[in-house]
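S.K.: Predicted model, plus sequence, below.
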Amino acid sequence: MPQTFSLQHSRISIASEFPTLPRMSPLRGKVALVTGASSGIGKVIASALLERGATVFGMCRKIGRIPDGATPISCDLRQPARIAHAFEILDAASPRLDILVNNAGIAHLSRLTDGDPAEWAEMWEVNVHGLAICCQEALQRFPVSGGRIVNISSLSGHRVPPTGGFYAPSKYAVRGITEALRAEFRLDGSSHQISSVSPGFVETPLVDSYFKGREGELAAMRSSLRMLDPQDVAQAVLHILEAPAHVEVGDLSLRSSDQKV
């Protein structure tokens with residue numbers, strides 16, 4: 001039977017959050033690449049995959065912060081040439097790739113009416129263009145028997161909150177990329193699968209970046225709202241990746257029970 005998972009909150013260690021399974025995980029022996037693996041959700045996902053026996057490569061700008069046991073690959077997703085070079089480094093280290101988790105993302109609270117277009121460009125380069133290039137590069141390395149992509153999206157890609165600004169359109173684009181690739185896989189008769197996870201607010205450094213300059217609003221929100229933990233999102237990713245081959249998850253949306261929007 002497929003593993004079930006719970007989004008109950010706890011403050012225990014990553015090792016006990018992702019205990020060894022009584023049966024061998026289907027992820028054992030797989031090779032996974034996680035972008036943005038140096039902090040927050042990406043770091044916890046990388047740790048969870050390592051716990052399941054996968055070989056993990058962590059792609060990020062701050063390679064010194066990835067989990068022990070993962071292999072770092074330095075990359076700036078704003079630069080397509082750097083992405084191509086990062087995948088060449090992966091080729092030199094591993095003859096295969098089975099899983100891509102597109103977790104890296106940038107969030108600025110930048111409105112359409114008066115926001116900074118430079119912030120819009122950075123979000124588009126990382127959240128959309130860089131993600132799409134990583135998908136294309138990974139697909140060239142997946143086995144014919146099928147690889148799996150999981151895109152970490154956001155509830156902001158399903159509805160636009162009052163503070164959504166340009167960040168929300170970038171996450172709507174992630175949904176579009178995910179669905180476009182799924183359609184192309186079916187058209188080509190490919191065995192590859194693609195899914196997305198769309199969390200609400202998660203307690204990570206990304207939230208601090210999003211509310212930069214509006215720290216009072218963030219403090220008020222934290223006092224009234226228990227956000228998701230990164231482990232909650234990682235559990236959703238594991239649920240997708242450990243599903244049987246005939247089960248393809250489209251999108252998993254999750255939010256704290258305290259979050260109303």
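M.R.: The structure has been received and is ready for your questions.
S.K.: give me the element S198 is part of.
M.R.: strand 193-199 (DSSP states H and E).
S.K.: and the helix or strand following that strand, average pLDDT?
M.R.: As assigned by DSSP H and E, the chain's next helix or strand after strand 193-199 is helix 205-210. Helix 205-210 shows a mean pLDDT of 81.
S.K.: Mind listing what's buried along helix 205-210?
M.R.: By neighbour count with 16 or more other CB atoms under 10 Å, helix 205-210 contains the buried residues L206, V207, Y210. For the C-beta atoms, the positions are set from N, CA and C on the backbone; glycine is no exception.
S.K.: would TSV of those residues with distance to Y167 be doable?
M.R.: Shown next, in TSV, are these (distance: CB to CB, whole Å):
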residue	distance to Y167
L206	10
V207	12
Y210	7
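S.K.: So which of those residues is the closest to E184?
M.R.: Comparing the buried residues of helix 205-210 against E184 with CB to CB places L206 closest, at 29.4 Å.
S.K.: tell me the contacts of the closest residue to the closest one other than its chain neighbours?
M.R.: For L206, ignoring the flanking residues on the chain, the nearest one in space by CB to CB, 6 or more residues apart in numbering is A107 at 5.2 Å. Shown in contact with A107 (CB atoms under 8 Å, 6 or more residues apart in numbering): M123, Y167, L206, V207, S209, Y210.
S.K.: right, and the secondary structure at A107 would be what?
M.R.: coil (DSSP: H, G, I helix; E, B strand; the rest coil).
S.K.: any idea of the pLDDT on it?
M.R.: Looking at A107, the pLDDT reads 93.
S.K.: Now stretch 164-180 - C-alpha only, PDB.
M.R.: C-alpha atoms of stretch 164-180 as PDB (Å, rounded to 0.1, in the frame of the first residue of the first chain):
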ATOM      1  CA  GLY A 164       0.300  38.800  -4.600                       C
ATOM      2  CA  GLY A 165       1.900  41.400  -6.800                       C
ATOM      3  CA  PHE A 166       4.200  40.000  -9.500                       C
ATOM      4  CA  TYR A 167       5.000  36.900  -7.400                       C
ATOM      5  CA  ALA A 168       1.600  35.400  -8.100                       C
ATOM      6  CA  PRO A 169       1.900  35.600 -11.900                       C
ATOM      7  CA  SER A 170       5.300  33.900 -11.700                       C
ATOM      8  CA  LYS A 171       3.600  31.000  -9.800                       C
ATOM      9  CA  TYR A 172       0.700  30.900 -12.200                       C
ATOM     10  CA  ALA A 173       3.400  30.400 -14.900                       C
ATOM     11  CA  VAL A 174       4.800  27.400 -12.900                       C
ATOM     12  CA  ARG A 175       1.400  25.800 -13.100                       C
ATOM     13  CA  GLY A 176       1.300  26.500 -16.900                       C
ATOM     14  CA  ILE A 177       4.800  24.900 -17.300                       C
ATOM     15  CA  THR A 178       3.800  21.900 -15.300                       C
ATOM     16  CA  GLU A 179       0.600  21.300 -17.300                       C
ATOM     17  CA  ALA A 180       2.300  22.000 -20.600                       C
END
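S.K.: how far is it from where the chain is centred?
M.R.: 14 Å (CA atoms, centre = their mean, to the nearest Å).
S.K.: P80 is in contact with C134, isn't it?
M.R.: No - contact criterion CB atoms under 8 Å: P80 and C134 do not qualify, at 10.2 Å.
S.K.: ok, which stretches of the stretch 1-150 of the chain are helices?
M.R.: 14-17, 40-51, 80-93, 117-123, 131-139 (DSSP state H, counting those that start in this stretch).
S.K.: Number of residues surrounding the closest residue to S145 other than its chain neighbours?
M.R.: In space, S145 comes closest to S191 once its chain neighbours are excluded; the distance is 5.9 Å by CB to CB, 6+ apart. A count of neighbours around S191, defined by other CB atoms under 10 Å, yields 14.
S.K.: Could you do A132 as well?
M.R.: Neighbour tally, A132, other CB under 10 Å: 18.
S.K.: In terms of secondary structure, what does the lengthiest helix in the chain contact?
M.R.: Assignment by DSSP state H gives helix 167-188 as the longest helix of the chain. In terms of contact count using 3 or more CB pairs under 8 Å, 6 or more residues apart in numbering; DSSP states H and E, helix 167-188 is assigned the packing partners helix 131-139, strand 148-152, strand 193-199.
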